[in-house]
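[1] I would like the atomic coordinates for the input below:
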Amino acid sequence: MVRTKTEARKSTGGKLRKDMSWTNIGPIVYHNNFFNDHTGKQVLMSCDCCKADGPIPPLASWVYYTVHPDVLQEFDGCALHGSLASRSIERGGPFRYEFFFLPEATAEECHAHYSGEMKARGTIWRQIRKVNRAVKLKKQESGKEEEQNSETESYNRCEKAESRPISLVTFDPIPLEVEEGGVLKHDSMQHPVYSQLIPIRHEHDYETLGSWMFDRMKANWEEEANGATHSARKMG
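    Numbering: from 1, shown residues only. I've put the predicted structure just below:
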């Protein structure tokens, strides 16, 4: 589920603070926790973190809508995401995965539910601002100066092909500029809620879900969420 207005490809340069490392230190802990959405239905939040990171989940998230009518009670969000996206792809930081269960819902119904959820609890930007205010206040109290940034690198190592489709839903499109006389193959403004099948594995790795997610690595929203997650964990 992707909101196209968030400008997923926009990056702030791929820079992380010099003390900010996502290298796994110590054992990995897998979390699968339930909470209630704005309608009172259960939602599963899954994430895997280093044990040293404690119970604070990452702010950056991917949202999945499970519309199959039969969902197992022992549903494991971490395991499902691990089968959807290649583990060989190095991300810019940690993610949490939210699974909403809407049996037999359409893409439009999922979009309406997601919009209601964001209206009820706000987006990650509200949480990011809250963390940033707390960090600023703590620095003022301790007299510490702002920390400088340093660049980090990431590498994309692809896996072999395996074909299993999933629906990628985009909505709230931004109008695209077209040269005079030009024609768009797909005018997103004509499809305010658009669903398309995207394979999990494919002989051409750039056409897979994992590659689509990787292309959006270090987007502005992800970098800000990663920074806020790191700061929140440092402050406890």
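[2] right, and residue 120 touches residue 43 too?
    No: contact criterion C-beta atoms under 8 Å: residue 120 and residue 43 do not qualify, at 11.9 Å. Glycine gets a C-beta too; all of them are placed from N, C-alpha and C.
[3] joint contacts of these two?
    Jointly contacting residue 120 and residue 43 under the rule C-beta atoms under 8 Å, 6 or more residues apart in numbering are residue 37.
[4] Compare neighbour counts for these two and give me the winner.
    Each of residue 120 and residue 43 has its neighbours counted (other C-beta atoms under 10 Å); residue 43 has more, 17 against 10.
[5] CA atoms only for the helix or strand in which that one is found - export them in PDB, please.
    If you go by DSSP states H and E, residue 43 is part of strand 42-50. Listed next in PDB are the C-alpha coordinates belonging to strand 42-50 (Å, rounded to 0.1, in the frame of the first residue of the first chain):
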ATOM      1  CA  GLN A  42      -6.700  -6.300  15.400                       C
ATOM      2  CA  VAL A  43      -3.600  -5.300  13.500                       C
ATOM      3  CA  LEU A  44      -0.300  -7.200  13.500                       C
ATOM      4  CA  MET A  45       2.900  -5.200  13.900                       C
ATOM      5  CA  SER A  46       6.100  -7.200  13.100                       C
ATOM      6  CA  CYS A  47       9.700  -6.200  13.200                       C
ATOM      7  CA  ASP A  48      13.100  -7.800  13.800                       C
ATOM      8  CA  CYS A  49      15.700  -5.900  15.800                       C
ATOM      9  CA  CYS A  50      18.900  -6.400  17.700                       C
END
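[6] buried set for it?
    Neighbour-count burial for strand 42-50 flags 43, 44, 45, 46, 47, 48, 49, 50 (criterion: 16 or more other C-beta atoms under 10 Å).
[7] C-terminal to that strand, what's the next element?
    By DSSP H and E, the next helix or strand past strand 42-50 is strand 61-66.
[8] by contact count, what packs against whichever helix or strand comes after that next one?
    Later in the chain than strand 61-66, the nearest helix or strand by DSSP H and E is helix 77-84. Applying 3 or more C-beta pairs under 8 Å, 6 or more residues apart in numbering; DSSP states H and E, one finds that helix 77-84 contacts strand 28-36, strand 42-50, strand 61-66, strand 96-101.
[9] Make a markdown table from those strands and add mean pLDDT and distance to residue 129 to it.
    A markdown table is the format used below for these (pLDDT from 0 to 100; distance: least, C-beta to C-beta, whole Å):
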| stretch | mean pLDDT | distance to residue 129 |
| --- | --- | --- |
| strand 28-36 | 85 | 21 |
| strand 42-50 | 85 | 21 |
| strand 61-66 | 88 | 16 |
| strand 96-101 | 90 | 18 |
